[in-house]
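Engineer: One predicted model, sequence on top.
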Amino acid sequence: MEHLFAGSPGAAVSYFTSERERRRPRACAGALAWVLAWVLASVLAWVLPVLLGLISVASSEPLRRSGYAIGAETCGNGDLAFPKIQIDMKAGFCVGLVASEADGLKFPRAIVQVPGRDLFVVADMGGWGHTDGRLLLLDPRAPQGGRFKELLAGIEYPFGLAVGPDGRLYASTAETIFRFDPLADNPRGTVETIIRHMPGRRIALPDGSRIEESAHPLKQFVFDRNGQLFVNVGSHSDDCITPAPITKPCAAAEGASAMASIWLFAPPASGVFPALKPGDADPPHTVYARGLRNSMALALHPNFPDAGYAFLQAENSRDLPDIFKPNEEINAIEQGRHYGWPYCYDLSTPSPEFRSVLQSGAYKSFCTAGALYKPPLSLLPPHGAPLGMLYYHGGKFPELEGKLLVGLHGYRPTGSRLLVYDVDDHGFPRPVTAPVRYHVSCAAEPTRSFQTDAGEVAAAPFDELIAGWHRVNGARPQGAPVGMAVAEDGAIWLVEDKNQTVIRIDRATGDPQPSLPCDMRSQAMIDQLVAFVARDAQNSVRLTTLRKGLVEKHCAGCHSDFGLKEGQSETEKDVAALRFMLAQDGWIYPGDPYAGKLRARLRGIGAEKLMPPGGESLPKTEPGYTRLLDTMDLLVANMVPGTRMRIKPGPPQRKFFGKTNKECGEIPAAKVVVVTQRSAVDKPGFSRFFRPADPYLNGECSDGDGYYIRQEFLVPVQ
């Protein structure tokens with residue numbers, strides 16, 4: 001009913017009049033029905049908004065858009081003031097939510113301002129459904145729900161957006177680059193394609209084989225001030241590894257149309273590319289630089305291509321399973337140079353799969369003595385996934401003027417950040433001698449120095465404009481920044497693909513917001529878990545044993561000393577160590593020791609490095625060390641009072657709910673939960689259980705409401 005009464009009484013009259021005409025009652029009855037309907041509609045038109053407002057005020061549940069909790073505070077001024085969202089910003093900055101999934105966004109990837117107008121064009125890929133992409137016109141001053149106008153639809157993988165030297169707006173598909181007028185009555189009628197037939201989604205490799213879905217088909221591009229166009233042509237695969245033994249170079253990265261490269265298109269003397277007509281030949285290109293797996297982040301200094309000025313690329317390196325290897329890279333691009341992929345990663349580290357290729361022929365000793373190979377200017381945090389990069393020039397933030405901004409999209413603990421680099425007069429970040437540290441966990445502890453297989457290495461230090469963007473249940477999702485732009489007023493605009501948002505960074509007023517807790521586990525939750533341990537005599541003893549024999553002896557120092565300080569009592573030391581472990585990113589899953597990262601690291605399980613360093617020898621050299629690891633398992637398994645139950649095999653996930661049937665998330669089969677009420681008294685047929693591991697929460701429920709799962713989904717832990 002709400003939409004029927006959202007407008008004026010006249011709108012309601014129109015609705016009821018049409019109903020009267022369809023039913024055609026007798027005249028007198030129809031007239032009476034019409035009058036009553038008009039009166040009822042008039043009353044509801046005035047009363048209903050008031051009632052809804054009262055309900056909203058009374059509700060304890062905040063409004064959420066795209067997973068962000070929205071309150072009364074705003075970021076920005078005047079008609080560019082948007083709901084402030086809780087992202088941990090550098091002091092003096094805030095973030096406003098301009099648009100979300102409620103506005104129809106599906107998978108936004110890039111944003112650019114229309115020159116001279118307070119309007120923006122957003123590239124929304126729609127997903128990976130091939131032709132689901134759209135280009136949207138965003139009017140941030142329009143009423144919410146009406147800020148987007150669809151300009152073009154049915155586009156294959158739109159990603160790149162840029163204003164050309166001619167002041168017109170350019171965009172890319174998987175295979176083409178085109179320009180169009182976003183303000184025209186019929187934007188599609190203004191489309192002019194300037195480049196066609198680049199390697200896209202479907203490609204033919206030099207050996208004649210075909211790939212139906214290339215790994216990196218998206219076309220990021222940049223213009224220099226002379227109108228030259230540089231285009232990312234991403235690699236067809238993660239690492240070009242073929243069945244062993246690999247004896248030949250990666251064919252897809254060779255030749256005049258190499259993938260994993262940056263292509264250069266030079267315009268005619270006019271400086272503007274002509275529109276291609278049917279039958280026209282594609283403009284020629286040269287391979288400007290090679291060995292670049294996927295150049296989603298490109299930035300040109302405003303003075304480029306003058307000699308000595310920076311052309312920077314942020315590399316998405318290959319996906320090794322080690323969380324700390326390889327590092328991402330910032331490369332200083334020079335024409336004709338090779339940047340390593342797939343033969344080298346980090347700083348001159350040879351890829352072991354290509355050992356024979358690097359022992360003879362054109363690539364002999366390529367990573368260590370090759371004349372064409374250029375190592376990275378600096379390393380970026382491993383698996384950070386840089387998808388956006390630009391130099392800041394604007395009046396709003398003088399402290400950022402000329403600095404390099406790099407957005408990290410990666411879902412690992414090193415990602416979901418916005419970095420700020422100081423640069424020299426030519427636009428290059430300034431590496432310093434080792435150690436240079438970056439943040440690993442969402443709490444910024446522990447930090448880790450940039451390292452390769454050879455040890456600690458020099459790197460360019462950076463600040464974090466956005467540092468805390470980890471998921472906090474009920475407050476925000478994990479950050480997923482992709483494209484960004486600096487508006488003419490100096491504000492910074494970002495789009496998030498997975499969260500379906502457009503956000504705007506402005507100058508903050510008032511006191512800075514306190515940082516949200518790390519690892520989605522609130523302080524209240526940590527307090528509750530600490531109290532559980534304190535009330536259990538056996539677990540209290542286990543904690544003391546672990547603190548003395550494991551934490552203080554082998555772990556403190558690498559991890560900010562676990563909060564241990566001089567002058568603390570024994571009990572205070574126990575609590576400090578436990579709080580630290582509970583606050584870290586996924587270290588402990590209460591009730592299920594096998595699911596936490598802490599156990600995997602202590603026992604050297606999986607791809608991540610054993611903790612502490614050299615720990616593989618401790619079970620043999622230190623009496624009782626193995627028993628300490630077993631004690632850790634017992635502490636975690638018995639941390640929460642209740643019955644340990646396992647999710648029964650069946651469908652991949654089992655949904656769980658809040659008390660009022662709100663869906664809270666799904667837990668995969670075989671995971672352990674701690675049941676506190678086998679037959680929940682307030683929800684028949686369900687079992688109430690302690691909070692699950694945070695990755696299974698979807699942000700829609702609160703701890704106070706409790707978590708419930710159907711009894712038939714549970715079996716006892718054997």
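Structural biologist: Received it, and whenever you're ready, just let me know what you need.
Engineer: For the stretch 501-650 of the chain, which segments are assigned as strands?
Structural biologist: When assigned using DSSP state E, counting those that start in this stretch, the strands of the stretch 501-650 of the chain occupy the ranges 501-507, 643-647.
Engineer: which helices and strands sit right next to the shortest one?
Structural biologist: Just to be clear, that refers to strand 643-647. When contacts are defined as 3 or more C-beta pairs under 8 Å, 6 or more residues apart in numbering; DSSP states H and E, strand 643-647 sits against strand 672-677, strand 714-716. (Glycine included, C-beta is placed from N, CA and C.)
Engineer: Residues contacting the first one, please?
Structural biologist: Applying C-beta atoms under 8 Å, 6 or more residues apart in numbering, the contact partners of strand 672-677 are 589-592, 594-595, 640-647, 667, 687-690, 692, 709, 714, 717.
Engineer: let's go with 7 Å and repeat that
Structural biologist: Contact with strand 672-677 is made by 590-592, 640, 642-647, 667, 687-690, 692, 714, 717, as judged by C-beta atoms under 7 Å, 6 or more residues apart in numbering.
Engineer: any idea how far Tyr594 is from Val233?
Structural biologist: Tyr594 sits at a distance of 44 Å from Val233 (criterion: C-beta to C-beta, to the nearest Å).
Engineer: And for Leu137?
Structural biologist: 29 Å.
Engineer: Please identify which of those two sits among more neighbours.
Structural biologist: Val233 (26 against 19; other C-beta atoms under 10 Å).
Engineer: That one touches Ser261, doesn't it?
Structural biologist: Yes - when contacts are counted by C-beta atoms under 7 Å, Val233 is listed as touching Ser261 (5.4 Å).
Engineer: Surely Leu494 and Pro481 touch.
Structural biologist: Yes - contact criterion C-beta under 7 Å: Leu494 and Pro481 qualify, at 5.1 Å.
Engineer: who touches both of these two?
Structural biologist: By C-beta under 7 Å, 6+ apart, the residues touching both Leu494 and Pro481 are Gly407.
Engineer: So what sits opposite Leu300 in the bridge?
Structural biologist: Here Leu300 shows beta-bridge partners Phe311, assigned using DSSP bridges.
Engineer: pLDDT score for it?
Structural biologist: If you check Leu300, the pLDDT there is 98.
Engineer: can you tell me which residues contact it?
Structural biologist: Leu300 makes contacts with Val222, Asp224, Phe311, as judged by C-beta under 7 Å, 6+ apart.
Engineer: Would you list the buried entries among these?
Structural biologist: Val222, Asp224, Phe311 (16 or more other C-beta atoms under 10 Å).
Engineer: Can you give me the neighbour number for Phe265?
Structural biologist: Neighbour tally, Phe265, other C-beta under 10 Å: 22.
Engineer: Could you report the distance from the residue lying closest to it once chain neighbours are set aside to Ile262?
Structural biologist: Spatially, and ignoring its direct neighbours in sequence, Phe265 is nearest to Leu229 (4.3 Å; C-beta to C-beta, 6 or more residues apart in numbering). Leu229 sits 10 Å away from Ile262, going by C-beta to C-beta.
Engineer: And Tyr363, by the same measure?
Structural biologist: 20 Å.
Engineer: One more: Leu137?
Structural biologist: For Leu137, the distance to Ile262 - C-beta to C-beta - is 30 Å.
Engineer: Then Phe354?
Structural biologist: Taking C-beta to C-beta, one finds Phe354 at 22 Å from Ile262.
Engineer: Which of the two has more residues huddled nearby?
Structural biologist: Ile262 (26 against 23).
Engineer: I'm done for today, thanks for sticking with me.
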